[in-house]
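K.L.:
Show me how the following folds:
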Amino acid sequence: MPQLMVEGRLICNSGRMGLTQMSKTILTVDDSASMRQMIKLSLKGSGHTLVEAVDGLDGLSKARETQANMVITDLNMPNMNGLGLIRELRKMPAYQGVPIVFLTTESDDAMKNEAKAAGATGWITKPFQAEQLLAVVRKVLG
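P.N.:
Numbers count the residues shown, from 1 in each chain. This is a model prediction of the structure:
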């Protein structure tokens, strides 16, 4: 039976190695419980671990506690908005190269440019399709 080893760890022990991937941690930050639930349902079965935060300050706290491989954040939130969160995350060495995707109702080009300048990797406009979000996650996480 084929085995796939990465850095001395057994990753796959079956004949379907191409279907198995290493689990990544995704930090989702949104003040809407229903939106966090939609993200969770969209990524269900992807094999990734989700860490949820209720606003930018909570997201920053969770980012300090857990190293995420990707961040999905809303823009408009209380306490600290998504732009503030991105700026703070980009100051942290551990988050210099971590993909950060905005998932928001905002679609203004000026706001997209401001987000990009702050360090956002990409932008998805709400409402979104589950397949669209999953495709972005697959693309940025490899």
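K.L.:
Would you map the strands across this structure?
P.N.:
Ranges of strands in the chain, per DSSP state E, are 4-6, 9-12, 25-29, 49-53, 70-73, 100-104, 122-125.
K.L.:
what residue ranges in this structure score low on pLDDT?
P.N.:
1-21 (pLDDT under 70).
K.L.:
residue ranges for the helices of it, please.
P.N.:
According to DSSP state H, the chain carries its helices in the segments 33-43, 56-65, 82-91, 109-118, 130-141.
K.L.:
Put together a markdown table for the strands of the chain, with distance to Met38 and mean neighbour count on each row.
P.N.:
The C-beta positions use only the backbone N, C-alpha and C, and glycine is treated the same way. Listed next are the strands of the chain as a markdown table, based on distance: least, Cβ to Cβ, whole Å; neighbours: other Cβ atoms under 10 Å:
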| stretch | distance to Met38 | mean neighbour count |
| --- | --- | --- |
| strand 4-6 | 32 | 11 |
| strand 9-12 | 30 | 12 |
| strand 25-29 | 10 | 24 |
| strand 49-53 | 12 | 17 |
| strand 70-73 | 11 | 25 |
| strand 100-104 | 10 | 23 |
| strand 122-125 | 12 | 16 |
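K.L.:
does Gly56 really touch Leu89, like I thought?
P.N.:
No: in this structure, Gly56 is not within contact of Leu89 by Cβ atoms under 8 Å, at 9.6 Å.
K.L.:
The most centrally placed residue in the chain: what's it in contact with?
P.N.:
Closest to where the C-alpha atoms of the chain average out (Cα atoms, centre = their mean) is Val71, at 3.0 Å. The contact partners of Val71, taken as Cβ atoms under 8 Å, 6 or more residues apart in numbering, are 26-29, 59, 63, 85-86, 89, 95, 98-101.
K.L.:
What are the neighbouring residues in contact with the closest residue to Thr104 other than its chain neighbours?
P.N.:
Closest residue in space to Thr104, ignoring its immediate chain neighbours: Leu75 at 4.0 Å, by Cβ to Cβ, 6 or more residues apart in numbering. Residues in contact with Leu75 (Cβ under 8 Å, 6+ apart) are 81-83, 102, 104-106, 111, 115.
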